[in-house]
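**Student:** Predicted coordinates and the sequence they were generated for:
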Number of protein chains: 2
Amino acid sequence: MTDKLYNLLIKGSPILKKEFLPSISIDCVVFGFHDATLKVLLIKLLDATAWGLPGGYLKKEEDLAQGANRILKERTGANNIFLNQFKTYGKKNRSEDFFIDCPDDLWHKQRYISIAHYALIDYETVTPVIDEVSDACEWKKIDELPELMMDHQEIFNEALLQLRRDLNYKPVGLNLLPEKFTMPELQKLYEIILDKKLNRGNFYRKMTRYQILEKLDETRKGGAHKAPDLYKFNLENYNSALENGLQESW
Amino acid sequence: MTDKLYNLLIKGSPILKKEFLPSISIDCVVFGFHDATLKVLLIKLLDATAWGLPGGYLKKEEDLAQGANRILKERTGANNIFLNQFKTYGKKNRSEDFFIDCPDDLWHKQRYISIAHYALIDYETVTPVIDEVSDACEWKKIDELPELMMDHQEIFNEALLQLRRDLNYKPVGLNLLPEKFTMPELQKLYEIILDKKLNRGNFYRKMTRYQILEKLDETRKGGAHKAPDLYKFNLENYNSALENGLQESW
């Protein structure tokens, strides 16, 4: 760790100790969809080599869900993001070792568990924020990730696994697709997230059964083929499915 | 709170402070299957009216998973339980209010987040343990639950929901059924957990596809009808599916 980063961290420690709960951190795996690619938002601490997930600590005065939303907003400027808390990481030394050369009064050096969340957000509306202890905050393609610090690669891997599982219960696409889209475009998004081809007929039937789509009275103009139907999400049903889940498989 | 309970808690506070991490607790929703009913293990604090989930704190010297296993073992005597961590609860005042009349130096009065787990365990092998601050530790039918303290009813409800969702990814039955069982008996277990009837043919096909069952060269004797086939779990495939998940729905 450079002197510059250390001095910034040690300066902030008394304030952190006063305002935040000990031993608890929150990390966010923020997925965005851009150029037909799934990307994730990463930060890099000042002069560090490895990258990390954007995260922070939980304030004494806020609920856990409030804290996760605050942290995400501080990083991205994005509001009203549907955050999916998926796992808490609590191996001993997962965080302590990272600051092992620092004195014990550094707030960051204590043992932390991390309550991990993932979010799907609109790539276009995000303004990555570089705070004073970081020198980068950027989108990275999920299949070209740089080296990640601490257990952040494991957290990322399990977030992606959880996102794939959640496709069985939760709708996806709002914020990731334009307002009007075709069924093949929606299928393509699923295929990119799942990293596999899907059967067109099965996909159409499943999506229709979920009742989260509205077929529009317009088609996509242009192109040599028959103009494809356009759809948009039925917001009421979509949000209800987000909260209550799509129908189960059994 | 009675003086007796308070005195026990305040006496233990300095030791807890020394050995355990602040602000972090672990709660376990322990399901067992008995008399064709799903039951859950609950405890009652000394002279309390409401019941609660068995839980405890995380030691400074143990991983989160070790802590959860230790707590469960202390309560049930059961080893090698597959614990499913499913959500962390962190609303402000979820725990503080419970001890609001106590002085601030009581370890239990601080703000806690709770890392909730569920487990499916063999009813027959469990010896519920009543510790010195409790006066009961008992199995209760899930559809006849007593009043639960703090947010434990919410934690229980979400554990059951998660168990139902996990049936799509994780095998269930080992420890809950006898070693040899019939397909209708396994289906009955799923129906009780899901609280709905399943189609017999679909169930059979799905189970066969999972490859976690071994058909035995014996049938169940007795009864007026054709003797039903007996099965047992293929332990290698079952454990592999527990760790890696059954095939996904998409």
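**Tutor:** That came through, no problem.

**Student:** Specify the residue ranges that define each domain of chain A.
**Tutor:** A:3-166, A:183-244 (automatic domain parsing).

**Student:** among these, which is nearest B:Lys196?
**Tutor:** Minimum separation from B:Lys196 across these (CB to CB) falls at domain A:183-244, 16.4 Å. Placement of C-beta: from N, CA and C, glycine included.

**Student:** got the end-to-end distance for the closest one?
**Tutor:** Domain A:183-244 has its terminal residues 24 Å apart, counting by CA to CA, to the nearest Å.

**Student:** Stretch A:81-95 too?
**Tutor:** Stretch A:81-95 has an end-to-end distance of 27 Å (CA to CA).

**Student:** ok, now stretch A:32-52?
**Tutor:** 16 Å.

**Student:** Next, the buried residues of it.
**Tutor:** By neighbour count, and taking 16 or more other CB atoms under 10 Å in any protein chain shown as the criterion, the buried residues in stretch A:32-52 are A:32-33, A:38-46, A:48, A:51-52.

**Student:** which of the residues in the longest helix seen in chain A are buried?
**Tutor:** When chain A is parsed with DSSP state H, its longest helix is helix A:3-19. Residues A:Leu5, A:Tyr6, A:Leu9, A:Leu16 are the ones in helix A:3-19 that count as buried (16+ other CB under 10 Å).

**Student:** Next secondary structure after it?
**Tutor:** Later in the chain than helix A:3-19, the nearest helix or strand by DSSP states H and E is strand A:20-34.

**Student:** so, in contact with chain B or not, that following strand?
**Tutor:** Yes. Judged by CB under 8 Å from any CB of the partner chain, strand A:20-34 comes into contact with chain B at A:Leu21, A:Pro22, A:Ser23, A:Ile24.

**Student:** Could you list every helix and strand in contact with that strand?
**Tutor:** strand A:37-45, strand A:55-59, helix A:64-76, strand A:113-120, helix A:152-166, strand B:20-34 (3 or more CB pairs under 8 Å, 6 or more residues apart in numbering or on different chains; DSSP states H and E).

**Student:** Report whether the shortest one contacts chain B.
**Tutor:** Yes. Strand A:55-59 lies within reach of chain B by CB under 8 Å from any CB, at A:Leu58.

**Student:** Pull that strand out as CSV, backbone CA atoms only.
**Tutor:** As requested, C-alpha coordinates have been extracted for strand A:55-59 and formatted as CSV (Å, rounded to 0.1, in the frame of the first residue of the first chain):
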residue,chain,number,x,y,z
GLY,A,55,-18.6,-1.7,-1.6
GLY,A,56,-18.7,0.0,1.8
TYR,A,57,-19.8,-0.2,5.4
LEU,A,58,-23.2,-0.3,7.1
LYS,A,59,-24.2,2.8,9.1
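
**Student:** Which strands or helices does it pack on?
**Tutor:** strand A:20-34, helix A:64-76.

**Student:** Can you say which of these is packed in most?
**Tutor:** Each of those was scored by mean neighbour count; the highest is strand A:20-34, a mean of 22, by mean count of other CB atoms under 10 Å in any protein chain shown.

**Student:** Same list (the helices and strands packed on strand A:55-59) but as JSON lines, adding mean pLDDT.
**Tutor:** As requested, these are exported to JSON lines (pLDDT from 0 to 100):
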{"stretch": "strand A:20-34", "mean pLDDT": "95"}
{"stretch": "helix A:64-76", "mean pLDDT": "93"}
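
**Student:** So which of the ones you listed is nearest B:Asn175?
**Tutor:** Set against B:Asn175 and scored by CB to CB, the helices and strands packed on strand A:55-59 come closest in helix A:64-76, at 32.0 Å.

**Student:** Establish whether that closest one and chain B are in contact.
**Tutor:** Yes. Helix A:64-76 is in contact with chain B by CB under 8 Å from any CB, via A:Leu64, A:Ala65, A:Gly67.

**Student:** With stretch A:170-178 instead?
**Tutor:** No. Stretch A:170-178 does not reach chain B (CB under 8 Å from any CB); its nearest approach is 10.8 Å.

**Student:** what's the lowest-pLDDT member of the buried residues of stretch A:32-52?
**Tutor:** Of all these, A:Ala48 carries the smallest pLDDT score, 86.

**Student:** Give me the secondary structure label for that residue.
**Tutor:** coil (DSSP: H, G, I helix; E, B strand; the rest coil).

**Student:** Over to the closest residue to it other than its chain neighbours: give its phi and psi.
**Tutor:** Nearest residue to A:Ala48, sequence neighbours excluded (CB to CB, 6 or more residues apart in numbering or on different chains): A:Met149, at 7.1 Å. Dihedral angles of A:Met149 (phi, psi; degrees, to the nearest 10) stand at phi -80, psi 160.

**Student:** Hmm, A:Ala50 and A:Met149 touching each other?
**Tutor:** Yes. Between A:Met149 and A:Ala50 there is a contact at 4.0 Å, judged by CB atoms under 8 Å.

**Student:** centroid residue for chain A?
**Tutor:** Centrality entry for chain A: nearest residue to the mean C-alpha point is A:Val30, 2.1 Å, by CA atoms, centre = their mean.

**Student:** for it, which residues make a bridge with it?
**Tutor:** Counting by DSSP bridges, A:Val30 is bridged to A:Ala119.

**Student:** Next, the contact list for it, please.
**Tutor:** If a contact means CB atoms under 8 Å, 6 or more residues apart in numbering or on different chains, then A:Val30 has A:Val40, A:Leu41, A:Pro54, A:Leu72, A:Arg75, A:Thr76, A:Tyr118, A:Ala119, A:Ile121, A:Val126 as its contacts.

**Student:** just A:Ile192 next, same as before
**Tutor:** Contacts of A:Ile192 (CB under 8 Å, 6+ apart): A:Phe33, A:Ala36, A:Thr37, A:Leu38.

**Student:** got the angle for the helix or strand that it is a member of vs strand A:113-120?
**Tutor:** For A:Ile192, the element it lies in under DSSP H and E is helix A:183-194. On the basis of axes from the mean of the first three to the mean of the last three CA atoms, to 10 degrees, helix A:183-194 is oriented at 160 degrees to strand A:113-120.

**Student:** what sits up against whichever helix or strand comes after helix A:183-194?
**Tutor:** The C-terminal neighbour of helix A:183-194 among helices and strands, as given by DSSP H and E, is helix A:200-210. The contact list for helix A:200-210, computed with CB under 8 Å, 6+ apart, reads A:Pro171, A:Met183, A:Pro184, A:Leu186, A:Gln187, A:Tyr190, A:Leu213, A:Ala241, A:Leu246, A:Gln247.

**Student:** Using PDB, write out the CA atom coordinates for the next helix or strand after helix A:200-210.
**Tutor:** Next helix or strand after helix A:200-210 toward the C-terminus (DSSP H and E): strand A:213-219. Once non-C-alpha atoms are left out, strand A:213-219 reads as follows in PDB (Å, rounded to 0.1, in the frame of the first residue of the first chain):
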ATOM      1  CA  LEU A 213     -44.800  -8.800 -21.800                       C
ATOM      2  CA  GLU A 214     -47.100  -6.600 -23.800                       C
ATOM      3  CA  LYS A 215     -47.200  -7.100 -27.500                       C
ATOM      4  CA  LEU A 216     -47.300  -3.700 -29.300                       C
ATOM      5  CA  ASP A 217     -49.400  -2.800 -32.400                       C
ATOM      6  CA  GLU A 218     -46.200  -2.000 -34.300                       C
ATOM      7  CA  THR A 219     -43.400  -3.900 -35.900                       C
END
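
**Student:** tell me what strand A:213-219 is packed against?
**Tutor:** Packed next to strand A:213-219, using 3+ CB pairs under 8 Å, 6+ apart, are strand A:229-233.
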